[in-house]
Structure formats: structure tokens, C-alpha cells
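Engineer: I would like to see how this sequence folds:
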Amino acid sequence: MKDLIVARRRRLALGVFALGLACNAAPPVPANPALPGAPDFGTTTIQDVAPPALSGGTMLLSRDGKTVIASDPDRDFVSLVDIASAAIRVQVALSPHDEPGRLVEDSGGQVHVALRGAGEVATISLASGQLLERQPVCAQPRGVAYDSTNDQVLVACATGELVTLPAASGAAVQVVTIEPGLRDVVIDGDSIFVSKFRTAEILALTRSGDITQRVFLPGGAPAGATGDSVALAWRMRLTTDHYLLAAYQIDSVSFVPTTPGGYGGGGVGSPPPIVRTAVAAVSTANMTTQQMMASVDQIVLPVDIAPPPAGTASGNPATLVAAANWKSPATPPYASVGTGAGQGSDPAPVEGQIIAAEIGPDGTIFLQSREPARLYVIARGGAGAAADTIVNTIGLSDVSREDTGHTIFHTNSGGSLACASCHGEGGDDAQTWNFNGTKPRRTPSLLGTVKGTEPYHWDADFADLQALAHEVYTGRMSGPELASDQLAALRGWLEQLPAPKRPAVDPAARARGETLFLGKGACATCHSGPSYTNNATVDVGTGAALQVPPLVGVGARSPFMHAGCAATLTERFTTCATSAHGSTANLTTSEVSDLVTFLNSL
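Structural biologist: Numbers count the residues shown, from 1 in each chain. This is a model prediction of the structure:
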């Protein structure tokens, strides 16, 4: 499998990076190892080609229960694992940067895989393991579902499209644009449901793409409201009793202390973390919500959820939530919620960063680890048992994709949250946090916006990443002090985060918008250069001098402005406009439309 990997792993001794520091082979020692749950990052490792941000949900149990199908977005292959023999039957090699993600099996024995990096769907024969077809679908495919009534595959795209493909073969038969941010898609009978990642919503749709109902997952208000708010619906799946099961986050945005430990969870006496994992069930019959558990203790980044098999009410295992945990002893790799046998048992001591979970018909647990690349087969402990038991460990690859920057970003800092808790998939959570109760500030996206855009934060609080990591990661998040090589690894990973791929726009409207951006609108006075920022701190009439934000991928990160006042880019030039913010006050409605088209293309 090494031939499939473009990147090669480099192990770095302390300081061997562009910083020009002296060598020291000893692994760094956390500055405050006494903090409960402080992660141990081990020897610093940097990949030449950075691994993608975690998304989760990359595993599927076949309809007959005999095969586990696992996508590997880091190594670009799909494994078909025979459960009975605990062995890989075949691995389907894909192209570099395809980033295979969600999967679904149709009634003809074909598996359809969303290729997040390629903007396509791959079709694989479950029987032969042959790659049958690749079909372009959209810029950012995310969720996939199978419509047995019409023998079709539906693909939900982060760019807003819902694409319908014939399951057998062929190009799309329907493409409807819903709204940006789509994540998972579920079909229950004649009904279609899609989740939205950043805003933790579920939409009920008609076959033609009309929204008939919209609900926010329970536990908080929509983003932008005071108090608790919901965000980052990492995974949505359908249960056998017609509920939409969702793993998501509840964020406490009303008052966020900036003192050490202010983001919570840093030890005895600390406030609860500002980000908590939640699980809810939403009825597909009437879209009413049933909160299963308001907060799942110690689970950081709930990247996948495994519904219980049929018959749960009579004693089968409970729902399982998988956490992206590695090298953080206070964070279990998975947790049970709801009711059922094994509810009181402890998780098995698996090693690795868990990205996907399934539960077999007999209650067997399957966990997929990203690094190291493994499949764990686990027997539930049952009532009164000390712990679940690992039955088999199946290696999926011997190629390591460990990257210290990636690990720091996704691991529980020790304060019961990770960098990715607010910057899911390297982006943002659409939240406006209220720092110290007086400073509303939108979470910035990190996708394509980190390199060369110092100083950081809206108020230009931090001159560089070292200052930010010391104050935010070590201070507010209760994390260890990062050594120089760890900081270099984090910087290297962040600076390789790609800008979000954008959907095609009308080229004529884009050209007119670019002319306005550079000329009449005077936007390029501040938004210039490769990231569309001059890195200055400017008062544009919004009440404070603020950092000019990069505009790379701006169309994918509503709401806009530092306090989230504009729900859409159009509102930025209407209800949220100020006379000092460019020269856009006299733009006509059609000119605003053209300017928005240009911004949406960046």
C-alpha cells in the first residue's frame, strides 16, 4: 500500500524545522503534566502532504452482515473486510487526494462512495471488489443514501446541491440546489432528510428539493442567539424504528471567559467546557425531537454514531458515539447512550484515532481507527461486566499518516475540547461567541486563510501562532505548552488546509463583480493579495478596529462580519452596510448581486 501514498513520513527531533533550532532527540515534555487528561503527543512527526481534517463516518456494514467496508481518506483506498475470517478480502485503490468518505450499499450489491476530494462518487462491486465507475457530482460531496423505490443514489453536497444518480450506472438524473452546508442525507420511505453540518439543522425535503420542515437539533437556540447554541452536526443516521439519530455539539456562547481554563474542563473547580457533545433522535413521521442525552461526558468530537440494531427495546446494545481520540487519556474512544444491554460496561482499551463505528445485528461493535489504520472487532461486556473486549484487531495499512499538527488540532487538549470543536473540518462552527460577556466575535474559518495572515483573531490580539497557542490552547483550553517542534508541526498542518471548493458561478456575473470589487466598490483597498487581506487592523464603522479578514472561501462561512450580523453576503451590503466599509452604499441591486457572485467564487 505504500505506493498509494504521495506523502512520506518524516520524523523530526526537537526543533529540526525552519525555525533553525538545536537538535534534541528527546520527546517534548508537557509544561503542565499534572492537568488531568493532558495529551501526550510523543515524537514529533510531520507529513510532507498533510492529512485531511477529520470528518468521520467512513465505515459501512454490508446488508448481509458479512463484510465491513471502510473508506480511508488519508491513504485513498476502500477496504472490504471479511468478518468471519477477520481478514481483508480486497482493497480498492483510488487516486491521490480522492479522500473517500461516506458509503452506501444498493440492492444490487454495489457500494457507492463519496469522494470528498475529487467531487465524484465511486461505485464498487461488493462481490468482486472491482471499481466499476466514477461519476462527477459536485464540488464538495458529503452524504450518500440509497433510494430503493427508484433504485437511485442521492448525494448531499456542502455546496448546497442534492444530486440524484441512477444506482446501476450513469450520469446525474436530477440536481437541485437546496442551501449551503448540507451534510448527511437519509431516505425513509418516500421522505428525504438532510442535515446541515455547521448549523446543526435537519431539513425535510420533497423529491423536487423543496423544504417542507426545518428543525434545529435540541439543546440550544440557533446560532447567533444568546445562551446555549447548537452547532456541528457531525453525523446523522436512520434507526430501524424511523428516527433520525444525530451526534452534534451544544455550545455555550453567552459568556466565554478568556482567563486560563476559561473554556472549561481543566480540572477540579473549572467551569464545564464551552462545547459539549449531544445526541438526539428526531422522528421522521413528524420531525419532533426526543433528546436522548443533553451531554455525553468526556466525548470530544463525536465524528460518528452507530444506531442500535433492530430489537433494541428487548435488550440489544445502545447507540454508540465514536470520539476522535488519540493520546488523550481522559477521553474514551466511544460511549453508549440510551438504553440496552452493555449500557454500564466500560469501553475497550483500543489504540488509535477512531473515525467510524458500526454495531452488528448480534451487538458486535466495529471501530475504524485512522491512525494507526485498523479495524477493531469488539464484544460488548454486558450488564455487570468490567469492560468491552477486543475480539480481533485487523490492520488496514502499515503506512503511517501520523502528523503531530493534525493530532494537536483534533485531540482533547485536557479541557474537554479540541481545536476542531470550534473549527470543524478546519472550517468554522457558524457561531458568534461572546468573550467576557462584552465582545461578540464570529469563529473564523481556517480553510486556506492561515498562511501569511498574521496577526490573528478579530482584534489582532496575537502577533503569531506561538502567541495564539500560548494564550488560547495552553491558557483558555487547559492544554500543555507546545514545544517549538510541536508548534512548527501545527503551523505546517494549518497552513496546508485547502480553501473550500466552490460551485461554478455565472462567468459574466463574476467578471462584472470582480470589476466592482477592484474599482467602484473599493473592496480591494483592504482585501488584496492572495488571501484577499492586507492584514491591517481597521475601523470600518462597526464600533471597533478589527482585523481585515481573508476572503478565501468567504461564501462558505455565513453568517458574516465580526458579530455575525449578516446572514447572507447580500445582507453585508444592505442591512449590515456602513459608510466606512468600502464604497458600496450606492451600488444598485444588480451590482450587489454581481459582487456577491464574485465573492462566492473565491
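
Engineer: rest of the way, CA atoms for contacts and neighbours
Structural biologist: Will do.

Engineer: Could you give the separation between the terminal residues of stretch 381-395?
Structural biologist: 23 Å (C-alpha to C-alpha, to the nearest Å).

Engineer: can you map out the helices along this structure?
Structural biologist: Under the criterion DSSP state H, the chain contains helices at 404-410, 465-468, 484-495, 507-518, 569-572, 589-601.

Engineer: Wait, residue 123 touches residue 111, no?
Structural biologist: Yes - assessed by C-alpha atoms under 8 Å, residue 123 is found in contact with residue 111 at 5.6 Å.

Engineer: Just give the nearest non-adjacent residue to residue 65, would you?
Structural biologist: Closest residue in space to residue 65, ignoring its immediate chain neighbours: residue 360 at 6.9 Å, by C-alpha to C-alpha, 6 or more residues apart in numbering.

Engineer: Only the buried residues of stretch 273-293, if you could.
Structural biologist: 273-284, 287, 289, 291-292 (16 or more other C-alpha atoms under 10 Å).

Engineer: Would you mind writing the CA trace of it as PDB?
Structural biologist: Extracted in PDB, the C-alpha atoms of stretch 273-293 (Å, rounded to 0.1, in the frame of the first residue of the first chain):
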ATOM      1  CA  PRO A 273     -16.500  23.000  28.800                       C
ATOM      2  CA  ILE A 274     -18.000  25.600  26.400                       C
ATOM      3  CA  VAL A 275     -18.500  22.800  23.800                       C
ATOM      4  CA  ARG A 276     -20.400  19.600  24.800                       C
ATOM      5  CA  THR A 277     -21.300  16.600  22.800                       C
ATOM      6  CA  ALA A 278     -25.000  15.700  22.500                       C
ATOM      7  CA  VAL A 279     -27.200  13.000  20.900                       C
ATOM      8  CA  ALA A 280     -30.800  13.400  19.800                       C
ATOM      9  CA  ALA A 281     -33.400  11.400  18.000                       C
ATOM     10  CA  VAL A 282     -35.800  13.100  15.600                       C
ATOM     11  CA  SER A 283     -39.000  11.300  14.400                       C
ATOM     12  CA  THR A 284     -39.200  11.000  10.600                       C
ATOM     13  CA  ALA A 285     -43.000  10.900  11.000                       C
ATOM     14  CA  ASN A 286     -43.500  14.500  12.300                       C
ATOM     15  CA  MET A 287     -39.900  15.900  12.900                       C
ATOM     16  CA  THR A 288     -40.500  16.100  16.700                       C
ATOM     17  CA  THR A 289     -37.300  15.700  18.700                       C
ATOM     18  CA  GLN A 290     -36.600  13.400  21.600                       C
ATOM     19  CA  GLN A 291     -33.400  14.400  23.500                       C
ATOM     20  CA  MET A 292     -31.600  11.200  24.400                       C
ATOM     21  CA  MET A 293     -28.800  12.800  26.400                       C
END
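
Engineer: Provide a list of residue ranges in this protein with pLDDT below threshold.
Structural biologist: Low-confidence segments of the chain, defined by pLDDT under 70: 1-37, 220-226, 266-269, 290-295, 297, 311-317, 325, 327-330, 338-345, 382-386.

Engineer: Let me see the domain layout of it.
Structural biologist: Following automatic domain parsing, the chain resolves into domains at 2-50+403-495, 153-395, 507-601.

Engineer: how far away is the spatially most central residue of the chain from residue 196?
Structural biologist: The residue lying closest to the centre of the chain (C-alpha atoms, centre = their mean) is residue 425, at 3.6 Å. From residue 425 over to residue 196 the distance is 14 Å, taken as C-alpha to C-alpha.

Engineer: Contact partners for the closest residue to the residue nearest to the centre of the chain other than its chain neighbours?
Structural biologist: Closest residue in space to residue 425, ignoring its immediate chain neighbours: residue 53 at 5.0 Å, by C-alpha to C-alpha, 6+ apart. By C-alpha atoms under 8 Å, 6 or more residues apart in numbering, the contact list for residue 53 reads 406, 425, 426.

Engineer: For the nearest residue to residue 333 once chain neighbours are set aside, list each beta-bridge partner.
Structural biologist: Excluding its sequence neighbours, the residue lying closest to residue 333 (C-alpha to C-alpha, 6+ apart) is residue 323, at 5.1 Å. Using DSSP bridges, the bridge partners assigned to residue 323 are residue 302.

Engineer: For residue 60, see how far away the residue nearest to residue 425 is.
Structural biologist: Counting by C-alpha to C-alpha, the gap from residue 53 to residue 60 is 20 Å.

Engineer: wait, residue 406 sits on residue 490?
Structural biologist: Yes - between residue 406 and residue 490 there is a contact under C-alpha under 8 Å: 6.9 Å.

Engineer: So between these two, which is more surrounded?
Structural biologist: For residue 406 and residue 490, the more surrounded residue by other C-alpha atoms under 10 Å is residue 406, and the numbers stand at 25 against 22.

Engineer: residues touching that one, list them.
Structural biologist: Neighbouring residues of residue 406 by C-alpha under 8 Å, 6+ apart: 50, 51, 53, 490, 493.

Engineer: For residue 82, see how far away it is.
Structural biologist: Counting by C-alpha to C-alpha, the gap from residue 406 to residue 82 is 31 Å.

Engineer: Residue 74 now?
Structural biologist: The spacing between residue 74 and residue 82, counted by C-alpha to C-alpha, is 22 Å.
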